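# Fold the stuff below for me.
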Amino acid sequence: QVQLVESGGGLVQAGGSLRLSCLAPGRTFSTYAMGWFRQAPGKEREFVAAISRSGVATRYADAAKGRFTISRDNAKSTVSLQMNSLKPEDTAAYYCAARAGVVVTSLNEYDYWGQGTQVTVSS
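Next up, the predicted model:
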């Protein structure tokens, strides 16, 4: 079982930045590919970004490319999502997820999920 705890959400004006973090304590963190997903009210949960076990490979949704950066620190069992140039349409609950294996973008492939952290971008 992997426990994931997100932090860093909040209220920010359009054009601002936020950095989300996800802590997954345990010695097996480096064996999991990690992903960030988001869900806006009334919408389905969608992929945002993902990173491989080593951190070498990353994947981004088109909406995130050029604005968001995913990174991980295996020594600290942490994965982060730096979000810049935020837009009102980025408003959502953001979820961290983990899967044993290679990095993928489909939420159905992830085995463990955090509780989510809310990001609200005002116009």
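
# hey, where'd the strands end up in this protein?
Here the chain has its strands, by DSSP state E, at 5-7, 10-13, 18-23, 32-39, 46-51, 58-60, 68-73, 78-83, 92-100, 112-113, 117-122.

# okay if I get these as JSON lines plus mean pLDDT?
Listed next are those as JSON lines, based on pLDDT from 0 to 100:
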{"stretch": "strand 5-7", "mean pLDDT": "96"}
{"stretch": "strand 10-13", "mean pLDDT": "98"}
{"stretch": "strand 18-23", "mean pLDDT": "98"}
{"stretch": "strand 32-39", "mean pLDDT": "98"}
{"stretch": "strand 46-51", "mean pLDDT": "98"}
{"stretch": "strand 58-60", "mean pLDDT": "98"}
{"stretch": "strand 68-73", "mean pLDDT": "98"}
{"stretch": "strand 78-83", "mean pLDDT": "98"}
{"stretch": "strand 92-100", "mean pLDDT": "97"}
{"stretch": "strand 112-113", "mean pLDDT": "96"}
{"stretch": "strand 117-122", "mean pLDDT": "98"}
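
# now for the ones you listed, which one comes closest to Ser106?
strand 46-51 (7.3 Å; C-beta to C-beta). Heads up, the C-betas are built off the backbone N, CA and C, glycines and all.

# List the neighbours of that closest one that are in contact with it.
Outside strand 46-51, the residues that touch it by C-beta atoms under 8 Å, 6 or more residues apart in numbering are 33-39, 57-61, 63-64, 68-72, 79, 81, 94, 103-107.

# Check stretch 82-90 too.
Outside stretch 82-90, the residues touching it (C-beta under 8 Å, 6+ apart) are 12, 14-20, 38, 40, 63, 67-71, 119, 121-123.

# Can you tell me how far the residue nearest to Ser122 when sequence neighbours are not counted is from Ala64?
With C-beta to C-beta, 6 or more residues apart in numbering as the criterion, Ser122 has its nearest non-adjacent residue at 5.4 Å, and that residue is Gln13. In this structure, Gln13 and Ala64 are 19 Å apart, going by C-beta to C-beta, to the nearest Å.

# This completes my enquiry, with thanks.
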